[in-house]
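Student: Mind folding the following:
(one chain, ligands or ions: 2)
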Amino acid sequence: ESQFGSSDCLRGKRVAITAGPTREALDPVRYLSNHSSGKMGFALAEAARKAGAEVTLIAGPVNLATPAHVKRVDVIDARDMRDAAERAADLCDIFISAAAVADFRPASVAEQKIKKREGCDESAITLVKNPDIVAGIATRSERRPFTVGFAAETQQVEQYAQSKLQRKNLDMIIANDVSGSETGFNSDRNAVTVIDRHGNTQLPEALKADLARQLIEIIAVKAQK
Ligand code: CTP
Ligand code: CA
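Tutor: Ligands and ions are numbered 1, 2, ... in the order given. Below is the predicted model of the structure:
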């Protein structure tokens, strides 16, 4: 036992974690976003801190309290999150990408509130791709931290996660079935499969806080190697 609790598996390590959704402006009063609560990323930040790490938590717009002794950087959109994540990744040993980054953003942000037009019953928004934050960090040739991603899927969970692990050059991916209502995005519970190049480990459904502790221990062991 240490001052950090039952485990100090991350003592002396620096960990950066992204969490929550991003919000992509369409005009001064509207945005595109998603239902991510940020709970899993915040739980990981707290667990990493309790395991002895120095933690930077890069948070999209969420309604959660900052865990004690965690440095929090608030961001709004994907490009802000990318900039903050790149800066944090320069200084960290482990990077965990728990954020639900918007894949696309409106191609342009209207300066004024967009108005309806008389007789116009349809409208379209052109979207452009956002940068892939975790892939940018995992494909670095220098100062590359041990890099962990998440994959929230509604079908073929392990296959899709496995292909993301490879495509993004991640060290580990945490696959998450969000098709059920009991687990995933807004829930307090989650059930995940941890995948790395050596194989899969299924973790039974648990409170996100308990799962976060287990994941941090697994990450600490794998990042050591
Ligand atoms: N991610 C990221 N930057 C993006 C999109 C995703 O860093 N622009 C990260 C997420 O934080 C997560 C991982 O990539 O750790 C997988 O995200 P996911 O949305 O499941 O995968 P995508 O590559 O966006 O593929 P798709 O949404 O089409 O399934
Ligand atoms: Ca996505």
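Student: Average pLDDT for the lengthiest helix in the chain, rounded please.
Tutor: Determined from DSSP state H, the single longest helix within the chain is helix 208-224. In this model, helix 208-224 has a mean pLDDT of 96.
Student: From the rest of the structure, what touches that helix?
Tutor: Residues from elsewhere that reach helix 208-224, judged by Cβ atoms under 8 Å, 6 or more residues apart in numbering: 7, 9-10, 13, 39-40, 43-44, 46-48, 50-51, 93-94, 96, 146, 148, 171-172, 174, 187-190, 192, 194, 196, 201, 203, 206. Every C-beta, even on glycine, is put in place using the N, C-alpha and C of the backbone.
Student: Just the buried residues of the residues you listed.
Tutor: The neighbour count (16 or more other Cβ atoms under 10 Å) marks 7, 9-10, 13, 39-40, 43-44, 46-48, 50-51, 94, 96, 146, 148, 171-172, 174, 187, 190, 192, 194, 196, 203, 206 as buried among the contacts of helix 208-224.
Student: From these, which land in helices?
Tutor: Secondary structure from DSSP H places 39-40, 43-44, 46-48, 50 of the buried ones among the contacts of helix 208-224 in helices.
Student: Make JSON lines out of the residues you listed and add pLDDT.
Tutor: Converted to JSON lines, those look like this (pLDDT from 0 to 100):
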{"residue": "39", "pLDDT": "95"}
{"residue": "40", "pLDDT": "95"}
{"residue": "43", "pLDDT": "97"}
{"residue": "44", "pLDDT": "98"}
{"residue": "46", "pLDDT": "98"}
{"residue": "47", "pLDDT": "98"}
{"residue": "48", "pLDDT": "98"}
{"residue": "50", "pLDDT": "97"}
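Student: Next to ligand 1, which bits of this protein? Give me the list.
Tutor: 78, 97, 99, 101, 103, 130, 132-134, 149-152, 164 (Cβ under 6 Å from any ligand atom).
Student: Just the buried residues of these.
Tutor: By 16+ other Cβ under 10 Å, these give 78, 97, 99, 101, 130, 132-134, 149-152, 164 as buried.
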